[in-house]
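1. got a structure for you, letters missing:
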Ligand code: GTP
Ligand code: SPV
Ligand code: MN
């Protein structure tokens, strides 16, 4: 890391206008990149511009600086080596969907699921918000690659940010630094992403104010310009709002690129499963935020001889290979995972992964300098400090960790990481799973009849909302393909893109599609399925279907395991509960079909007729039960 431009020119004003960045020896000669950095510096007027190299020394320097500033708390070096706790502003704890904008030229191209803004008007608003917003701060230039640098499925980006927390997090979550910068040679496309916490330390009149541990602004924008592939984020330092390689680039902008170029950018985990016979299958699975992707990606099978290895836990980029089969990479290099609920019973791999080199955000702090969250141990340790920094006891009546508390950790720390994780060509996808958090109606597993039925299944997902975004926790909402907050264009065109891809590729090589639901509850409210490691039993049946050996029975929703085909030996699940896990309640499903019809109607004439056709077929099959 080298501070290339800076410095007060004597009277306390800054030199951004006066000194062109490249004159000061920027480590690139890319004129487009230099011009954009210069232009952004002129707009935001930071005190300094620093080009990040992604080195360990840079990481150590920035974390030390944040400890000194109070942004990070260093955890006990023996209990949690190399690890830190950040406490966010209590009003900056999750993605802000209502301030997430798609500024396509035409409103119709954003579609009814996105908040559209007219591009010129939004640019004017953003210019106002960003003007001088980095006064008194450093602007970091953060070059990164999503996917292995130079890989055939990979893409490049550069984030400008005034948050060292974001720099360090981008260093964990992406291939960040000199290699990515070197790849951005003149003329090479890259996604420009500008980010500010929106809290300058120097006011326009020159008066100064002290920094706070978690600077942010009540006014927030997470803005995307799909045609020019630009991202502008203001006011938040948190996760998907601020780490712009993740949801903003790898999903919203990438979904637009993918549609144009014939590939898929999806909110999916990717795992490698090896059967006791040594056969390997790769599974991609789309579940909404905080609905179990990390858990499934790191699953420790309860069944002897089975092995699951992790390729990704949040995002999959999938491209047809020369053989016409879909190949997936995880474009990220780390996990920004939900902490609460992560414990030795539910996710032992993650517990092991979090032993060192972790940035925790909004977890509770123990008296001996470690972190804690609900679900880590059955009993909370005494003397906890909660995520807001206040003393906490079980009598406090609120959680010690924020429900959306997260860990940021390198994939290299994951004990179950697959050797293929770094393969720029990706892995062949054999099965795609769609899931959600559904207390009722949706069976444990069902196989779609074909690709088109699979697209209908994905389009029809609804899920109970979680704390990963603002909104009412537990409220059921449609979340097609688990992409509701992430598709950067008209959702009906996205459905059409999936259908078109299926038509373009050889049918025999298409992934088989399944729906799964670990969250069905009995009348008494308890989960009917033990979940977690026992989900291996569902994977076993899915692998059996891929290999043509697992028996199935037809239902209006697709094929479910035939009697005895799901291995439940040794499980404490009663026959009644098992029946309930697969029961198709005709009246309830007719009601689901009505809701889906209403939802589909919101997409107007762009909705592919295959989907309304499948809705009719569903009703037809239900009528026959
Ligand atoms: P994002 O990172 O927000 O995209 O989400 P994610 O899908 O990776 O979420 P994660 O895996 O961290 O989901 C965590 C939540 O799902 C916790 O509340 C877990 O307890 C719950 N969960 C995961 N697997 C299971 C399961 O098999 N059964 C039950 N009942 N809960 C599960
Ligand atoms: C999600 O909300 O789906 C996440 C976390 O994976 S965030 O990066 O904050 O979007
Ligand atoms: Mn996610």
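-> Yep, that arrived. Quantities reported herein were computed from a predicted structural model and do not represent experimental measurements. Ligands and ions are numbered 1, 2, ... in the order given.

2. so how many other residues sit close to the closest residue to residue 141 other than its chain neighbours?
-> Nearest non-adjacent residue to residue 141, counting by CB to CB, 6 or more residues apart in numbering: residue 51, 4.7 Å away. C-beta: built from backbone N, CA, C; applies to glycine. Counted with other CB atoms under 10 Å, the neighbours of residue 51 add up to 24.

3. And residue 51, how close does it get to residue 149?
-> 17 Å (CB to CB, to the nearest Å).

4. hang on, the residue nearest to residue 141 packs against residue 25?
-> No - assessed by CB atoms under 8 Å, residue 51 is found out of contact with residue 25, at 9.3 Å.

5. which other residues reach the host helix or strand of residue 501?
-> Taking DSSP states H and E as the definition, one finds residue 501 inside helix 491-504. Outside helix 491-504, the residues within contact range by CB atoms under 8 Å, 6 or more residues apart in numbering are 109, 111-113, 255, 258-259, 262, 264, 320, 451-452, 455, 458-459, 480-481, 483-484, 487, 510, 603-604, 606-608, 610-611.

6. How about that helix, which residues are buried there?
-> Judged by neighbour count (16 or more other CB atoms under 10 Å), helix 491-504 contains these buried residues: 491, 492, 493, 494, 495, 496, 497, 498, 499, 501, 502.

7. what's the answer for stretch 177-194, then?
-> Quick answer for stretch 177-194 (16+ other CB under 10 Å): 177, 179, 180, 181, 183, 184, 190, 191, 192, 193, 194.

8. Tell me which two of those sit farthest apart.
-> 179 and 194 (22.1 Å; CB to CB).

9. Show me what from this protein comes close to ligand 3.
-> Selection of the chain residues close to ligand 3 by CB under 5 Å from the ion yields 289, 314.

10. Give me the subset of the buried residues of stretch 177-194 lying in strands.
-> Among those, DSSP state E puts 191, 192, 193, 194 in strands.

11. What is the nearest of those to residue 33?
-> residue 192 (8.3 Å).

12. Quick check: bridge partners of the closest one?
-> Applying DSSP bridges to residue 192 yields these beta-bridge partners: residue 158.

13. how close does it sit to residue 457?
-> According to CB to CB, residue 192 stands 36 Å off from residue 457.

14. Who does the closest residue to residue 84 other than its chain neighbours form a beta bridge with?
-> Once flanking residues are discounted, residue 84 sits nearest to residue 72: 4.0 Å by CB to CB, 6+ apart. Beta-bridge partners for residue 72, by DSSP bridges, are residue 86.

15. cool, residue 406 as well?
-> residue 338, residue 361.

16. ok, now which ones touch it?
-> The contact partners of residue 406, taken as CB under 8 Å, 6+ apart, are 239, 336, 337, 338, 339, 360, 361, 362.

17. How far does the strand or helix carrying residue 127 sit from its chain's centre?
-> Assessed by DSSP H and E, residue 127 sits inside helix 119-130. Mean-position distance between helix 119-130 and its chain equals 26 Å (CA atoms, centre = their mean, to the nearest Å).

18. about what we covered before: kindly give a single PyMOL line that selects the buried subset of the contacts of helix 491-504.
-> Paste this into PyMOL to select the buried members of these, with burial taken from 16+ other CB under 10 Å:
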select buried, resi 109+111+113+255+258+259+264+320+451+452+455+458+459+480+481+483+484+487+510+603+606+607+608+610+611
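
19. What are the contacting residues of stretch 205-213?
-> 12, 69, 70, 71, 86, 87, 89, 136, 199, 201, 202, 203.
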